[in-house]
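Visitor: When you get a sec, could you give me coordinates for this:
(2 chains)
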Amino acid sequence: TQLLEQSPQFLSIQEGENLTVYCNSSSVFSSLQWYRQEPGEGPVLLVTVVTGGEVKKLKRLTFQFGDARKDSSLHITAAQPGDTGLYLCAGARETSYDKVIFGPGTSLSVIP
Amino acid sequence: DAMVIQNPRYQVTQFGKPVTLSCSQTLNHNVMYWYQQKSSQAPKLLFHYYDKDFNNEADTPDNFQSRRPNTSFCFLDIRSPGLGDAAMYLCATSRERGGSDTQYFGPGTRLTVL
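Guide: Sure thing, here's the model as predicted:
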């Protein structure tokens, strides 16, 4: 059983479309991070959210942390081929704050 | 400016032949991590060092060992690589231990076992 679940697992869309990927858990997290990993590279941190209900924007990317701090979403507006990659959410549960858990990732492909 | 450096980027070894992967950091972080990542899967933590204190994950095989001779460097030794050990190996660092402290990843070493 995954402590962090991500959906969808795979997503293929046309350039210019909008998309949302989700990260869900039954546990409460003290913080959640979103990473993007391009093929053959290490994950690169996009954002950290720590407050329930928090919304952060990074250009065309909007991140939201659920009110109960059990879930998060990443919305991309007008996707571009450069957005292609594996999107990983990761976080530390309140009950095990010293250990980071990774979700299985959403593999996004943006077709020109 | 590279902050977490991994060498080599690609490593090919033979079944059963020991291999060492290298990680160095310029961030002066206390914590260094080694992850194994198989295709399109989440990184799986193998172990981490908090300063010189080694912390092994319960399900990490004995075949995997690690050394941290100083703050900047950390090595992953695979004593007898099997075909199932072919993966991307990621090194990461964080200033302090704790889930809320950001982890910075290196570019990874892709290991192939023949």
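Visitor: Please enumerate the strands of chain A.
Guide: Taking DSSP state E to define them, one finds strands in chain A at A:5-7, A:10-14, A:19-24, A:29-37, A:44-49, A:55-58, A:61-65, A:71-76, A:85-93, A:96-102, A:106-111.
Visitor: Quick one: classify the residue nearest the centre of chain B as helix, strand or coil.
Guide: Among the residues of chain B, the one closest to the centroid is B:W34, at 2.8 Å (C-alpha atoms, centre = their mean). Using DSSP: H, G, I helix; E, B strand; the rest coil, the three-state assignment for B:W34 comes out as strand.
Visitor: Tell me, how many residues neighbour the residue nearest to A:N18 when sequence neighbours are not counted?
Guide: Once flanking residues are discounted, A:N18 sits nearest to A:T77: 5.3 Å by C-beta to C-beta, 6 or more residues apart in numbering or on different chains. Every residue, glycine included, has its C-beta placed from N, CA and C. The burial count assigned to A:T77 is 13, neighbours taken as other C-beta atoms under 10 Å in any protein chain shown.
Visitor: same question, B:L114
Guide: Counted with other C-beta under 10 Å, residues neighbouring B:L114 total 10.
Visitor: Which residue would be the closest one in chain A to chain B?
Guide: Residue nearest to chain B within chain A: A:A92 (1.8 Å; C-beta to the nearest C-beta).
Visitor: Can you name the residues that contact the residue lying closest to B:R95 once chain neighbours are set aside?
Guide: Ranked by C-beta to C-beta, 6+ apart and with sequence neighbours excluded, the top spatial neighbour of B:R95 is B:H29, at 5.1 Å. Taking C-beta atoms under 8 Å, 6 or more residues apart in numbering or on different chains as the definition of contact, the neighbours of B:H29 are B:T93, B:S94, B:R95, B:Y104.
Visitor: before we move on, the earlier item: what about the residue of chain A closest to chain B, distance to A:S26?
Guide: Relative to A:S26, A:A92 is positioned 15 Å away (C-beta to C-beta, to the nearest Å).
Visitor: Give me the pLDDT value at the residue of chain A closest to chain B.
Guide: We have a pLDDT of 82 for A:A92.
Visitor: would you list the contacts of B:H29 in JSON lines and tack on secondary structure?
Guide: Putting the contacts of B:H29 into JSON lines (three-state DSSP) gives the following:
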{"residue": "B:T93", "secondary structure": "strand"}
{"residue": "B:S94", "secondary structure": "strand"}
{"residue": "B:R95", "secondary structure": "coil"}
{"residue": "B:Y104", "secondary structure": "strand"}
